[in-house]
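**Student:** pasting the sequence and the predicted model now:
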Amino acid sequence: MTLYSSEEQISLGTNDPVINTPMLWVNAYLQEKITQGLEIGVPFFPPSPNTIDDLTETWVVVNDQRYSYQGIKCTFDRLIRMRRSPFPHLKAEQLLYYFYATEEGVTPLMVATTETVLRLMDREDETAEEINKWMVGKTIGGNSPKFYFHRFKVYQLEEVADIIDFGTARTYGGNKIIIDFEYHQMPDLTNNTI
């Protein structure tokens, strides 16, 4: 399963526990489900482009298929949060997603994308249970899942700056979504030897 542009895939080609993050697994799950639901390839990119041209003129590979910057594209960023309780093993994070659409008639496609994310990811412990089951037996870049998810929530952001951001990125439409989640990681990813 190819999750990122070919340049990014190279850096994920080793079994490196530092690269094995909960974000990697949430992104893979979300990308697979959105692609199935919309029946189109939806490339996911980390926040690595340095210029708008890098973002808008790049070819990407999803599931061994080459896509230009057409349809829906997603960039993401990981937001590590302060723990909500003194218990140190339950972690809380957020993922910030920018979904861009660049074709004519994007309104139905953006509504479908947003609704797909909402229906998949905004079910608290039911979403966590589904992702935990989905991860069983899978590997990404040689890494097996080392996380157990507990709950998920979804927030959609609407800011005045978004209009400028999406316009500058040469898009016809876009949505900014935050997915808030909690998890714990397996002992072999920590310094615990017990």
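**Tutor:** That came in fine, so what should we check first?
**Student:** and the strands in this structure?
**Tutor:** Per DSSP state E, the chain carries strands over the ranges 44-45, 60-62, 65-67, 72-80, 91-101, 147-157, 173-185.
**Student:** what about this protein, any weak spots by pLDDT?
**Tutor:** Residues of the chain meeting the criterion pLDDT under 70: 1-18, 47-70, 82-83, 102-105, 158-173, 188-194.
**Student:** residue ranges of the helices in it, please?
**Tutor:** Assigned by DSSP state H, the helices in the chain fall at 6-11, 22-38, 52-56, 106-121, 125-135, 160-168.
**Student:** circling back to that earlier point, export the strands of the chain as JSON lines, with columns for distance to residue 134 and mean neighbour count.
**Tutor:** Placement of C-beta: from N, CA and C, glycine included. JSON lines is the format used below for those (distance: least, Cβ to Cβ, whole Å; neighbours: other Cβ atoms under 10 Å):
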{"stretch": "strand 44-45", "distance to residue 134": "16", "mean neighbour count": "20"}
{"stretch": "strand 60-62", "distance to residue 134": "18", "mean neighbour count": "19"}
{"stretch": "strand 65-67", "distance to residue 134": "22", "mean neighbour count": "12"}
{"stretch": "strand 72-80", "distance to residue 134": "18", "mean neighbour count": "18"}
{"stretch": "strand 91-101", "distance to residue 134": "16", "mean neighbour count": "20"}
{"stretch": "strand 147-157", "distance to residue 134": "10", "mean neighbour count": "17"}
{"stretch": "strand 173-185", "distance to residue 134": "14", "mean neighbour count": "20"}
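**Student:** select, out of these, the one closest to residue 37.
**Tutor:** Relative to residue 37, the nearest member of the strands of the chain by Cβ to Cβ is strand 72-80, separated by 11.1 Å.
**Student:** other residues contacting that closest one?
**Tutor:** Here strand 72-80 makes contact (Cβ atoms under 8 Å, 6 or more residues apart in numbering) with 21, 23, 27, 31, 34, 38, 40, 42-47, 49, 55, 60, 93-102, 109-110, 113, 178.
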